[in-house]
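Q: no FASTA, just this:
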Ligand SMILES: [Zn+2]
């Protein structure tokens, strides 16, 4: 059976004293991160040497022994160094691929360093029978267990977000296959509607997104007007963070609901392998990042995998310029209706693309889908 990693987020309610302790833990983690970054820079600049994770982790014991680091949990310290290592590896990869500016890893400010991870559950972090979460360095913190943790907890990340605290449990769980379904669907994610299905159904963009945007703009203006370093600016920043977090949560909730519906209803789902980066560079930037397509596709992918559905990612090129019958059907961006003289299909532009996306998805699978016998019991992605 396929194992999957999922993350569940729970709200923490630390006392004032615990907040101070947690803030201190974060600031110590931040200090360690920056010191390790400094060491790497110096080693490179003065000795032409690059340090790796082990070079740095091997010094941890000593640093802690002289009392120079108050991040309470040893594994947490290691995780900080691993994060830095990951950022360096990503940097070297960007240099190698020569993708734009490589962007050397930067020092982080204490206000931006907002999470620590306990990499192995039980080591410095444990859920108690009392329902509280014991965190080394902060004590027993009240937690709202809004849903039971049924799977094995692997790691725990404690996060500060817009003045609120959260514990994110990364758990390993079994896949939960749904009864087989022969239904198929093509999904065209678009700009007017959030998505259009090959059945012709449109999934509207949620209304609250607009409202949230307006609130966000107001909060941004407020921050811009306030004097740097003032207490009132700090309050405005907090408000802005809250607006961002709210919008993010609403969007994520919407994506979860839509992807769940699709996975429940269809055995095969075909979507476009969207090159979001390429799109986002152009005029559509705002609408694209707004709709958050890639995070939607991610949610769709893991739900499909867990349920034993087939998710096909097809080449998006030409899906709007072709009819499902194969006849070319060039359209400008403004042309919202699809008329085919070859087969007589008359449908909305996005509906026609959804049909073409489904056709492409099915053609990639070939006869395997029709016979159903060789379809693997997990998601297959061709991108
Ligand atoms: Zn046609």
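A: Thanks, I have it. Note that the coordinates shown come from a computational prediction; the quantities given were computed from them, not determined experimentally. Residues are numbered from 1 along each chain as shown.

Q: look at the closest residue to the ion within the stretch 151-300 of the chain and report its pLDDT.
A: Residue of the stretch 151-300 of the chain nearest the ion, by C-beta to the ion: residue 198 (14.2 Å). For the C-beta atoms, the positions are set from N, CA and C on the backbone; glycine is no exception. As predicted, residue 198 sits at a pLDDT of 95.

Q: how about low-confidence regions in the stretch 151-300 of the chain?
A: Low-confidence segments of the stretch 151-300 of the chain (pLDDT under 70): 274-291.

Q: what about residue 185, helix or strand, and which?
A: strand 184-189 (DSSP states H and E).

Q: can you give the strand pairings for that strand, parallel or anti for each?
A: In the sheet, strand 184-189 lines up against strand 195-197 (antiparallel), strand 268-272 (parallel) (DSSP bridges).

Q: let me know which of the ones you listed is tucked in deepest.
A: Greatest average neighbour count among the strands paired with strand 184-189 goes to strand 268-272 (a mean of 26), per mean count of other C-beta atoms under 10 Å.

Q: quick check, distance from it to the centre of its chain.
A: 20 Å (C-alpha atoms, centre = their mean, to the nearest Å).

Q: list the contacts of it.
A: With C-beta atoms under 8 Å, 6 or more residues apart in numbering as the test, strand 268-272 has contacts from 183-189, 262-263, 297, 300, 304, 309-316, 319, 357-358, 360-362, 365, 369.

Q: same check on stretch 98-106?
A: 37, 84, 87-88, 91, 94-95.

Q: now the residue nearest the centre of the chain. Nearest residue, chain neighbours left out?
A: The centroid of the chain falls nearest to residue 295 when counting by C-alpha atoms, centre = their mean (5.6 Å). Spatial nearest neighbour of residue 295, excluding adjacent residues (C-beta to C-beta, 6 or more residues apart in numbering): residue 255 at 6.2 Å.

Q: name the helix or strand for the one you found, please.
A: Applying DSSP H and E, one finds residue 255 within helix 231-265.

Q: so which bits of that helix are buried?
A: 233, 236-237, 239-244, 247, 251, 254-255, 258-259, 262-263 (16 or more other C-beta atoms under 10 Å).

Q: show me what that helix is packed against.
A: For helix 231-265, the elements it packs on are strand 184-189, helix 208-225, helix 293-307, judged by 3 or more C-beta pairs under 8 Å, 6 or more residues apart in numbering; DSSP states H and E.

Q: how does it look with 7 Å?
A: Contact here means 3 or more C-beta pairs under 7 Å, 6 or more residues apart in numbering; DSSP states H and E; on that basis helix 231-265 packs against helix 208-225, helix 293-307.

Q: for the nearest residue to residue 88 once chain neighbours are set aside, give me the pLDDT.
A: In space, and not counting its chain neighbours, residue 88 is closest to residue 105: 5.9 Å by C-beta to C-beta, 6+ apart. Residue 105 carries a pLDDT value of 92.

Q: among the contacts of strand 268-272, which ones are buried?
A: Neighbour counting over the contacts of strand 268-272 (16+ other C-beta under 10 Å) leaves 184-189, 262-263, 297, 300, 304, 309-314, 316, 319, 357-358, 360-362, 365, 369 as the buried ones.

Q: what about the ion: which of these touch it?
A: By C-beta under 5 Å from the ion, no member of the buried ones among the contacts of strand 268-272 lies near the ion.

Q: and for residue 10, the neighbour number?
A: 18 (other C-beta atoms under 10 Å).

Q: for stretch 129-137, what is the average pLDDT?
A: For stretch 129-137, the mean pLDDT works out to 94.
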